[in-house]
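Sequence plus the predicted model coming up.
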Amino acid sequence: MAEHVLILGTGCAGLTAAIYAARAGLTPLVLEGAQPGGQLTTTSEVENFPGFVHGVDGSELISNMKAQAERFGTRFAFDRIERVDFSGPVKKLVGGEATYEAQAVIIATGASPRFMGIPGEKQYYGGNGVTTCATCDGAFYRDVPVAVVGGGDSACEEALFLTRFASKVYLVHRRDKFRASEIMVQRVKSHPKIELALNCTPQEIVGGADGKVHSLRVKNAAGAVQDLPCKCVFIAIGHIPNSQAFTPALEVDENGYFVAGDNTVSTRVPGVFVAGDCADHVYRQAITAAGMGCRAAIEAERWLAEHA
Ligand code: NAP
């Protein structure tokens, strides 16, 4: 028999959707994918999720959300959806482990940060000086130099945000032309704390005996190698939304993010909803993902009441 609601993803969006759908009596099935718990599990402390005066460990927040969803009857399974058939009234989703049928589907598969693939990147990622989220981790690097890699709006935004904490921010871009909007570029160029390292390609993230990052090694266009002293490297070279399995059934924009209706969660397929970072390239916060998950569950519940 088809599920009432199938939810894909166990980050903030998927788990919030599960809590709401379960409390509505829909006994949702939630599929955990390649990164259970989503991006929050890769950050140590979350200081900006409302309700936690002294912050909360990212993994703890996620496991609490999961327990809360389970308390109301959510079921969990591990699988990764590979392709879908949304042509009929019952949606079919083919995973590596099984094929699923559902009346309503909430896709909250998140987005994976793009990495450079250089030495040191994986080694120091997650608390030791390599991160992909300035909003999450910037406040841990007060009065020390940091580096941001990238030449798009994200990199400029992160660099500007980090000037609140860091003593100096290197903005490292492999070209001298930015992909970012002109206004962001001007802000970055005129900020006294930001030093541009243009035409510089990162080669290696270098750490010390303390197991923490000490510098970012870059090579300039002339081939000269230089170590930029920094305590953290913020990688902002784009995200890859996990939407590949759902195209062309669902519409995505030129960067692969799901295109949603005015309520930010509905898609062109009735009964299929999207939430969180797979559908949001602007805010990308735990709290905004949770908000979208809530909306998606309420919309799914309404849709089921009218159509199922
Ligand atoms: P993006 O625009 O795709 O920029 C990625 C940047 O990373 C590019 O400058 C690229 O260099 C660089 N890059 C890619 N791979 C690299 C590698 N392996 N090593 C070094 N550098 C690498 O990504 P984004 O900045 O995340 O923005 C994504 C979308 O979200 C854009 O449409 C952007 O406008 C939007 N956004 C908007 C806002 C806002 O409006 N406030 C904020 C953030 C993002 P090249 O330029 O040489 O390719």
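Done, it's in.

now Ala77: how far from the ligand?
Taking C-beta to the nearest ligand atom, to the nearest Å as the measure, Ala77 falls 32 Å from the ligand. Quick note: C-beta positions are derived from backbone N, CA and C, even for glycine.

which element is that residue on?
Using DSSP states H and E, Ala77 falls within strand 75-78.

Just checking: what are the partner strands of that strand?
According to DSSP bridges, strand 75-78 forms sheet pairs with strand 29-32 (parallel).

What average pLDDT does the partner strand get?
Per-residue pLDDT values across strand 29-32 average out to 98.

contacts for that strand?
Strand 29-32 is contacted by residues 3, 5-10, 14-15, 18, 69, 74-81, 95, 100, 102 when judged by C-beta atoms under 8 Å, 6 or more residues apart in numbering.

try stretch 212-227
Residues contacting stretch 212-227 (C-beta under 8 Å, 6+ apart): 120, 124, 128-130, 147, 149, 170, 172, 197, 199-208, 228-233.

Tell me the buried residues within these.
120, 124, 128-130, 147, 149, 170, 172, 197, 199-207, 228, 230-233 (16 or more other C-beta atoms under 10 Å).

that older thread, out of the contacts of strand 29-32, which are buried?
Among those, the ones that count as buried by 16+ other C-beta under 10 Å are 3, 5-10, 14-15, 18, 69, 74, 76, 79, 81, 95, 100, 102.

Which ones among the residues you listed map onto strands?
Counted as lying in strands by DSSP state E, out of those, are Glu3, Val5, Leu6, Ile7, Leu8, Phe76, Ile81, Gly95, Tyr100, Ala102.

contacting residues for the second one?
If a contact means C-beta under 8 Å, 6+ apart, then Val5 has Ala21, Leu26, Pro28, Leu29, Ala102, Gln103, Ala104, Val105, Ile106, Ala297, Ala300, Leu304 as its contacts.

Reformat these as TSV; add secondary structure.
As requested, the contacts of Val5 are exported to TSV (DSSP: H, G, I helix; E, B strand; the rest coil):
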residue	secondary structure
Ala21	helix
Leu26	coil
Pro28	coil
Leu29	strand
Ala102	strand
Gln103	strand
Ala104	strand
Val105	strand
Ile106	strand
Ala297	helix
Ala300	helix
Leu304	helix
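
what subset of these is also close to the ligand?
Filtering those for proximity to the ligand by C-beta under 6 Å from any ligand atom leaves nothing.

possible to save these as CSV with distance to Thr267?
What follows is those, written out as CSV (distance: C-beta to C-beta, whole Å):
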residue, distance to Thr267
Ala21, 17
Leu26, 19
Pro28, 18
Leu29, 19
Ala102, 14
Gln103, 15
Ala104, 11
Val105, 9
Ile106, 10
Ala297, 15
Ala300, 12
Leu304, 16
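
which one of those residues is nearest the ligand?
Sorting the contacts of Val5 by how near they are to the ligand, with C-beta to the nearest ligand atom, puts Ile106 at the top with 23.1 Å.

number of nearby residues for that closest one?
By the measure other C-beta atoms under 10 Å, the count of residues near Ile106 is 32.

Bridge partners for it, pull those for me.
Ile7, Phe273.

if I pick it, what's in contact with it?
5-8, 14, 17, 21, 28, 273-275, 293, 296-297, 300.

Redo the ones in strands among the buried ones among the contacts of strand 29-32 as a markdown table? Include distance to Ala166 and pLDDT.
Listed next are these as a markdown table, based on distance: C-beta to C-beta, whole Å; pLDDT from 0 to 100:
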| residue | distance to Ala166 | pLDDT |
| --- | --- | --- |
| Glu3 | 47 | 97 |
| Val5 | 44 | 98 |
| Leu6 | 43 | 98 |
| Ile7 | 38 | 98 |
| Leu8 | 37 | 98 |
| Phe76 | 40 | 98 |
| Ile81 | 40 | 97 |
| Gly95 | 43 | 97 |
| Tyr100 | 46 | 98 |
| Ala102 | 46 | 98 |
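
Which two of those residues have the greatest separation?
Val5 and Gly95 (16.1 Å; C-beta to C-beta).
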